[in-house]
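Peer 1: Starting from these lines, generate the structure:
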Amino acid sequence: MAKKVFIKTYGCQMNVYDSQRMADAMEAEGYELTDMAEGADLVVLNTCHIREKATEKTYSELGRLKPLAEAKAQSGSKMVIGVAGCVAQAEGEEIVRRQPLVDLVVGPQAYHRLPQLARRASEHNAAGLVETEFPAEDKFDHIPLAKRALGPTAFLTVQEGCDKFCAFCVVPYTRGAELSRPAEKLLREARELVARGVVEITLLGQNVNAYHGMGPDGREWSLARLLHALAEIDGLKRLRFTTSHPNDMSEDLIAAHGELEILMPYLHLPVQAGSDRILKAMNRKHSAAEYLSLIERIRKARPDLALSGDFIVGFPGEDDADFEQTMALVREVGYAQAYSFKYSARPGTPAAGNDQVPEEVKAARLAALQDLLNEQQARFNSRCVGQTMPILLEKPGREPGQLVGRSPYLQPVHLNAAAERVGEIVEVRIEQAMRNSLSGVEA
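Peer 2: From the prediction side, this is the model:
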């Protein structure tokens with residue numbers, strides 16, 4: 001009987017992609033993917049370190065796994081427990097010291113070694129295996145895509161790491177320097193995904209628009225050049241990319257939004273703050289005016305573009321005037337959707353020891369910002385009512401006979417349709433707008 005692997009994923013879409021590739025790697029090793037930890041032979045927690053208390057949440061989850069591991073041992077077999085991802089990279093051997101239950105610790109640059117590490121931990125009863133180096137080899141080359149069925153959408157990592165060193169962010173320390181995958185490998189992987197039924201691909205990277213991979217012509221390709229090449233793949237209907245940095249939004253990429261119908265009119269472009277003083281303290285290397293000018297140029301290229309963003313409130317030293325400048329920027333841009341957070345210190349980052357804003361002030365500012373962002377999202381969704389738009393049907397909904405799809409603007413859309421139509425793109429007339437989703441009928 002095949003061994004079973006359970007992978008629990010926290011955090012960003014990059015982690016979702018990494019978990020899929022870890023599952024691919026273990027499938028090649030003879031494992032079956034399971035959706036529960038109970039009875040699994042290998043359990044992997046693929047962790048995220050971007051939010052506050054992420055490390056403690058990891059240890060809490062490990063504590064919940066202990067009785068499952070003990071039950072497995074009583075049955076005469078072993079549950080190998082691994083911690084992967086950014087907490088693994090940041091904590092390393094400390095994880096094993098604090099929780100001896102852990103058999104292996106794998107950083108995000110070394111997950112291609114998971115099969116070998118799991119084999120050692122399982123067969124030789126080794127414990128505390130730690131692999132958090134940044135190896136020279138390309139981890140993506142070591143794992144073939146699994147043959148299991150996919151849905152109509154898929155992620156494709158094109159770039160990893162970050163060279164920006166924003167004062168609040170741990171990514172350069174946990175994911176390493178920017179690295180772009182060769183274009184030909186990406187095109188080959190994309191063609192494989194399409195051959196297995198994928199019709200929409202989202203390109204991933206910590207700074208995805210900083211992509212500068214080597215092309216088959218021997219020259220470095222920009223993200224725009226890669227998008228143009230992907231758009232030529234027969235059967236691929238939609239392209240998206242995330243997450244972008246304003247400083248890497250090149251003119252050819254702006255132009256691509258107007259030139260490529262396959263590129264969806266939705267852009268996640270974090271600004272983080274609207275105060276130049278705070279942006280400088282964050283080491284963002286752009287001003288609010290430069291960001292607004294960039295938005296204007298992008299909207300000129302693609303007038304129907306919907307924008308998403310990220311915001312941090314209560315960054316060290318932020319005063320009322322700084323916060324009001326953020327609110328003013330949000331009012332001027334008008335977001336279709338956005339993420340907003342209170343600043344939380346990340347150990348080892350430059351901002352961690354600076355002039356911290358009181359917690360109650362941060363909470364009040366966050367509430368005010370979220371009220372404004374929610375109002376903008378509701379307004380954007382309401383404007384969709386009465387429109388007919390192409391919806392990619394992705395999966396069954398909660399109600400019988402219901403499917404959930406995505407609009408070009410990434411909104412979930414509910415409609416009645418037969419289950420076998422998953423993967424189709426259908427014209428839907430939007431009849432109702434909710435806070436986070438839409439519903440409609442086939443036109």
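Peer 1: List the residues that contact residue 368.
Peer 2: Under the criterion of C-beta atoms under 8 Å, 6 or more residues apart in numbering, the neighbours of residue 368 are residue 327. Any C-beta I mention is one placed from the backbone N, CA and C, and that applies to glycine too.
Peer 1: next helix or strand past the helix or strand hosting it?
Peer 2: Assigned by DSSP states H and E, residue 368 belongs to helix 359-384. Next along the chain after helix 359-384, taking DSSP H and E as the criterion, comes strand 388-396.
Peer 1: tell me which residues in that following strand are buried?
Peer 2: For strand 388-396, burial by neighbour count (16 or more other C-beta atoms under 10 Å) applies to 389, 390, 391, 392, 393, 394.
Peer 1: residues in contact with the first one?
Peer 2: For residue 389, the contacting residues are 407, 408, 427, 428, 430, by C-beta under 8 Å, 6+ apart.
Peer 1: any idea whether residue 118 is helix, strand or coil?
Peer 2: helix (DSSP: H, G, I helix; E, B strand; the rest coil).
Peer 1: residues near it, how many?
Peer 2: 26 (other C-beta atoms under 10 Å).
Peer 1: could you redo the contacts of residue 389 as TSV and give each row secondary structure, pLDDT and neighbour count?
Peer 2: Listed next are these as TSV, based on DSSP: H, G, I helix; E, B strand; the rest coil; pLDDT from 0 to 100; neighbours: other C-beta atoms under 10 Å:
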residue	secondary structure	pLDDT	neighbour count
407	coil	98	24
408	coil	98	19
427	strand	98	11
428	strand	98	24
430	strand	98	24
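Peer 1: Tell me the one of those residues nearest residue 228?
Peer 2: Residue 228 has its nearest neighbour among the contacts of residue 389 in residue 408, at 18.9 Å by C-beta to C-beta.
Peer 1: distance of the nearest residue to that closest one once chain neighbours are set aside from residue 406?
Peer 2: Nearest non-adjacent residue to residue 408, counting by C-beta to C-beta, 6 or more residues apart in numbering: residue 264, 4.9 Å away. Using C-beta to C-beta, to the nearest Å, residue 264 is found at 9 Å from residue 406.
Peer 1: Those two - which one has more neighbours?
Peer 2: It is residue 264, of residue 264 and residue 406, that has more neighbours when counted by other C-beta under 10 Å, with 25 against 22.
Peer 1: so who does that one touch?
Peer 2: Residue 264 makes contacts with 238, 239, 240, 408, 409, 410, as judged by C-beta under 8 Å, 6+ apart.
Peer 1: Would you mind listing the two of those that lie farthest apart?
Peer 2: Across those, the longest distance by C-beta to C-beta is 14.3 Å; it joins 239 and 409.
Peer 1: Let's verify residue 155: helix, strand, or coil?
Peer 2: Three-state secondary structure (criterion: three-state DSSP) places residue 155 in strand.
Peer 1: Kindly state the beta-bridge partners for it.
Peer 2: Residue 155 has these beta-bridge partners by DSSP bridges: residue 202.
Peer 1: ok so, going back, what backbone torsions are found at the residue nearest to residue 408?
Peer 2: Reported as degrees, to the nearest 10, the phi and psi values for residue 264 are phi -70, psi 150.
Peer 1: how much space is there between it and residue 23?
Peer 2: Residue 264 is 27 Å from residue 23, by C-beta to C-beta.
Peer 1: same thing with residue 273?
Peer 2: To residue 23, residue 273 is 38 Å away according to C-beta to C-beta.
Peer 1: So what's the residue count around the closest residue to residue 287 other than its chain neighbours?
Peer 2: With sequence-adjacent residues excluded and distances taken as C-beta to C-beta, 6+ apart, residue 287 is closest to residue 276, at 5.0 Å. By other C-beta under 10 Å, the residues close to residue 276 number 16.
Peer 1: Next, work out how far apart residue 276 and residue 107 are.
Peer 2: Distance of residue 276 to residue 107, given as C-beta to C-beta: 36 Å.
Peer 1: do the same with residue 368
Peer 2: Applying C-beta to C-beta, the value for residue 368 to residue 107 is 38 Å.
Peer 1: same check, this time on residue 117
Peer 2: 11 Å.
Peer 1: Break this structure down into its structural domains.
Peer 2: Domain assignment for the chain by automatic domain parsing gives 3-131, 147-384, 388-442.
Peer 1: distance between the last one and the chain's centre?
Peer 2: Taking the mean C-alpha point of domain 388-442 and that of its whole chain, the gap between them comes to 22 Å (C-alpha atoms, centre = their mean, to the nearest Å).
Peer 1: do the same with stretch 4-15
Peer 2: For stretch 4-15, the distance to the chain centre is 11 Å (C-alpha atoms, centre = their mean).
Peer 1: How about that stretch, which residues are buried there?
Peer 2: The neighbour-count check on stretch 4-15 (16+ other C-beta under 10 Å) flags 4, 5, 6, 7, 9, 10, 11, 12, 14, 15 as buried.
Peer 1: hmm, back to that, anything in contact with each of residue 117 and residue 107?
Peer 2: Here residue 117 and residue 107 have residue 131 as joint contacts, going by C-beta under 8 Å, 6+ apart.
Peer 1: Comparing those two, which residue is more hemmed in?
Peer 2: Neighbours around residue 117 and residue 107, counted as other C-beta under 10 Å, are more numerous at residue 107. The numbers are 26 against 21.
Peer 1: contacting residues for the more buried one?
Peer 2: By C-beta under 8 Å, 6+ apart, residue 107 lies in contact with 84, 85, 88, 89, 92, 131, 132, 133, 134, 174.
Peer 1: contact partners of the worst-scoring helix or strand of the chain on mean pLDDT?
Peer 2: Here the helix or strand of the chain ranked lowest by mean pLDDT, DSSP states H and E is strand 129-131, holding a mean of 79. Strand 129-131 has contacts (C-beta under 8 Å, 6+ apart) with 92-93, 96, 103-107, 110, 113, 117, 120-121.
Peer 1: Paired strands for that strand, with orientation please.
Peer 2: When sheet partners are counted by DSSP bridges, strand 129-131 sits next to strand 104-106 (parallel).
Peer 1: Could you list the buried residues of the strand it pairs with?
Peer 2: For strand 104-106, burial by neighbour count (16+ other C-beta under 10 Å) applies to 104, 105, 106.
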